[in-house]
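Enquirer: Model the structure of this input:
(chains A and B)
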Amino acid sequence: MAKSDDGICILQGPLVFGNVVIGMCGIALTAECIFFVSDPHGLYPLLEATENDDIYAAAWIGIFVGFALFALSILGIVGVIKSNRTLLLVYIILMLITYAFEMASCITAATHRDFLTPNLFLKQMLERYQKSETVNNNDKWMTEGVTKTWNKLMLQNQCCGVHGPSDWQEYMSAFRMTHSDADFPWPHNCCVMDAQGSPVNLDGCKLGVPGYYNSNGCYDAISGPMNTHAWGVAWFGFAILCWTFCVLFGTMFYWSRIE
Amino acid sequence: MRWAGAPRGAWVTPPGGRALLPYVPRVPPAALPGKLTATTFALERPCCVFDRHANASDTIWLAVAFANASAAFRNPPSRADVPPYEQLPTAHSYMTLETAAATYACSASSPAVLRVGGDTVCGGQGGRDPCNGPLPSPGPYRVKFLVMGCHGPKAETRWSDPILLRRAGSPSTIDPAPVRHGSDVVVIASILASLGAVLAAAVLCAMGYGGCTGPRSGGCVSLPPSSIPATGSGRSTGMIALTSILSILFAVLLAGLVAMLFFSGA
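Expert: Predicted coordinates:
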């Protein structure tokens, strides 16, 4: 009897340690997801207009899951140290629910990242950038978001279009409806700007003379932060879940053996 | 036949006194993304071509015609007969870019390309001023330079090769669907699904083992044996039922997630 007591009591140490790690990881997950939801790169309007902003939903779930993990880890530590069956049972059940939510968040972030292809942003840019006739309020809101975001992207990252300025020439666009091809082969934000915010050489920019226009595409500037966001949520959540699995397993074993 | 044996760069005088220069206008070979757009195109600036034929008072025009109408183009006898930009749809040709001959001189330093079609504010007023307006259709077009003096045309270059402008496609042809799901997604989803299933099974086992058979005597908190309370089987049965229901719900949630993943991935 005493031997099994000692045997099972040895499990207390690793379980407490496991719960401490879960608590810290929960805080880290909350902080990471708050960072992503705050959208430091200002790319959320692009996702909102694609009506496919599930990676943001995954980050929102991550915030609450992280906090729940922290709270539950405290409960788990208390339950293990006191060897209280009721507390541990509550802990196990609530942890399973949190586990399920975090699984949903991970899989959603990983899956929906794959939908963010260059063609998706290209089509959206051509159909929405500077669109003049909007159907309803929602359409107007999305169009303004896309236009502002692209203007900011092209100015800050010195880029043009998704693949390059030729995007504006290869396809018809809403922009082309209101801006003539002769004056605007591509938007003037694609030109190299001086300190006052006007093009250095507008004729050179219209012709595509190197040095007066931005020749690279903006896709890297879009996909870089979004990849970081999606993989940060997915892989960190996955790592937490693997660790939580071991701790939960140990806790269940401990629960089944104690008084 | 008379001109076939002429040395390169020499000019010959056809009947009528107009010189035919061997220069062929062309689109600049440099990789400029804006050299051909839907309504404009760029031409290499002819340098040192007209020096022997043009005085300082002459002007050099650019004649633009549809490729199938270039053979029918007749040089205007005077400046007043120059076909304006507005006549392009009917006459199938026009002349524009009237510049002084000194601009194309050898010593002039100016931009290396000319842009045809870049002026959007002129045209439509019916005036006789040359208008470098945007071209209305993709073409193809042919161009040539014409030196006009006080008494009429003095020299001309050859017609260029046909220049075809860009035609833009519709954005509805763009397919935004991803090619296939990355392998990362499959790895994450399968490992998580199996971990979740193992956990659900472990919960059921733990309930069955720890609940039904009753807790083992002894714990890790130091209490006198008499204070160990007797277990109530009713309480543990209720607990077992509750946890079984929750585990089943969890397993259903798990199955739903996996189904959503594969359904959306298909």
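Enquirer: would residue B:136 count as being in a helix?
Expert: No. Residue B:136: not assigned to a helix; according to DSSP: H, G, I helix; E, B strand; the rest coil it is coil.
Enquirer: Pretty sure it sits against residue B:89.
Expert: Yes. Assessed by C-beta atoms under 8 Å, residue B:136 is found in contact with residue B:89 at 6.9 Å. The C-beta positions use only the backbone N, C-alpha and C, and glycine is treated the same way.
Enquirer: So what does residue B:62 look like in phi/psi?
Expert: phi -110, psi 120 (degrees, to the nearest 10).
Enquirer: go on, residue A:191?
Expert: phi -80, psi 160.
Enquirer: Contacts only, for it.
Expert: Going by C-beta atoms under 8 Å, 6 or more residues apart in numbering or on different chains, residue A:191 touches A:199-202, A:205, A:212-214.
Enquirer: Mind doing that once more with 6 Å?
Expert: A:199, A:205, A:213 (C-beta atoms under 6 Å, 6 or more residues apart in numbering or on different chains).
Enquirer: Kindly state the beta-bridge partners for it.
Expert: residue A:213 (DSSP bridges).
Enquirer: gap between it and chain B?
Expert: Residue A:191 sits 11 Å away from chain B, going by C-beta to the nearest C-beta, to the nearest Å.
Enquirer: Excluding chain neighbours, give the residue nearest to residue 152 in space.
Expert: Just so you know, I chose chain A. residue A:42 (6.2 Å; C-beta to C-beta, 6 or more residues apart in numbering or on different chains).
Enquirer: try again with chain B
Expert: In space, residue B:152 is closest to residue B:77, 5.0 Å off (C-beta to C-beta, 6+ apart).
Enquirer: Now for residue B:90, how many residues are close by?
Expert: By other C-beta atoms under 10 Å in any protein chain shown, the residues close to residue B:90 number 8.
Enquirer: and it, which of the three is it?
Expert: helix.
Enquirer: can you tell if the helix or strand hosting residue A:49 touches chain B?
Expert: In this assignment (DSSP states H and E), residue A:49 forms part of helix A:44-50. No. Judged by C-beta under 6 Å from any C-beta of the partner chain, helix A:44-50 makes no contact with chain B; its nearest approach is 8.3 Å.
Enquirer: And the next helix or strand past that helix?
Expert: helix A:54-82.
Enquirer: Which strands or helices does the next helix or strand after that next one pack on?
Expert: For helix A:54-82, the succeeding helix or strand toward the C-terminus, using DSSP H and E, is helix A:85-113. Here helix A:85-113 touches helix A:54-82, helix A:219-257, helix B:183-206, helix B:233-265, going by 3 or more C-beta pairs under 6 Å, 6 or more residues apart in numbering or on different chains; DSSP states H and E.
Enquirer: Any idea which of the ones you listed gets closest to residue A:173?
Expert: Nearest to residue A:173 among these is helix A:219-257 (16.6 Å), distances taken as C-beta to C-beta.
Enquirer: about what we covered before: flag every buried residue along the helix holding residue A:49.
Expert: A:45-50 (16 or more other C-beta atoms under 10 Å in any protein chain shown).
Enquirer: That concludes my questions; thank you for your assistance.
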